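J.: build me a model from this:
(one chain, ligands or ions: 2)
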Amino acid sequence: MQNIRYQSLISEIAELEKNRKFCRHTMEHFLDTARIMYILNLEENAALPKDVIYAAALLHDTGRAEEYRNGTPHHKASVDIALHILPECGFDESEIRQITEAIDRHREKTVPSGNRLGELLYRADKLSRQCYSCGAADECYWSDDKKNHTLRY
Ligand SMILES: [Fe+2]
Ligand SMILES: [Fe+2]
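T.: Ligands and ions are numbered 1, 2, ... in the order given. From the prediction side, this is the model:
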């Protein structure tokens, strides 16, 4: 949260999304995703470290600003950003590999086996959204199976 690059990305995304009617990519979304990942981690005894979970969730959509600016898919842009920010925050090489793989695959339902962090990120990202009470659900690009129809967490 002290990282200057991270802070400026959050402000930039908020500005770019201020008139967006679909889900926004705010700190609320990042923290909802982190906390749901952590709940799933506890419920399913995945034993993933809390800081790795929070890093993946807090960084997974940071590439949104670049996507709006030049069309780069945001999961790819988010990986590039994470590769800069994670070393600045003291994560080691193996943690950085694990986190960036999870971010890279966060839009794919089928994450490679062994990528537990990526699987939890995919699920928590969807579970954090309130599609069941969203006025723009009919126009949303998410397929029906991605939408969250039930309040669970
Ligand atoms: Fe995303
Ligand atoms: Fe997301």
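
J.: OK, contacts around the nearest residue to residue 47 once chain neighbours are set aside?
T.: In space, and not counting its chain neighbours, residue 47 is closest to residue 41: 7.4 Å by CB to CB, 6 or more residues apart in numbering. From N, CA and C alone the C-beta is placed, and that goes for glycine too. For residue 41, the contact set (CB atoms under 8 Å, 6 or more residues apart in numbering) comprises 47, 48, 53, 120.

J.: contact partners for residue 37?
T.: Contacts for residue 37 (CB under 8 Å, 6+ apart) come out as 53, 56, 57, 120, 121, 124.

J.: for the most centrally placed residue in the chain, give me the pLDDT.
T.: In the chain, the C-alpha nearest the mean C-alpha coordinate belongs to residue 60, at 3.3 Å (CA atoms, centre = their mean). pLDDT, residue 60: 98.

J.: and it, backbone torsions?
T.: Backbone torsions of residue 60, given as degrees, to the nearest 10, read phi -70, psi -30.

J.: residue 22 contacts residue 135, doesn't it?
T.: No. Counting by CB atoms under 8 Å, residue 22 does not reach residue 135; the two are 10.1 Å apart.

J.: is the longest helix seen in the chain positioned near ligand 2?
T.: When the chain is parsed with DSSP state H, its longest helix is helix 27-43. No. Residues of helix 27-43 contacting ligand 2 under CB under 5 Å from the ion: none, with a closest distance of 5.7 Å.

J.: please shift the residue numbers so they start at 59 in all later answers.
T.: Shifting the count to begin at 59 puts that one at helix 85-101.

J.: average pLDDT for that helix?
T.: If you average the pLDDT over helix 85-101, you get 98.

J.: now for residue 192: which residues touch it?
T.: The contact partners of residue 192, by CB under 8 Å, 6+ apart, come to 81, 198.

J.: repeat for residue 173
T.: Contacts of residue 173 (CB under 8 Å, 6+ apart): 159, 160, 163.

J.: any idea which helix or strand carries the second one?
T.: Which is residue 160. Using DSSP states H and E, residue 160 falls within helix 151-162.
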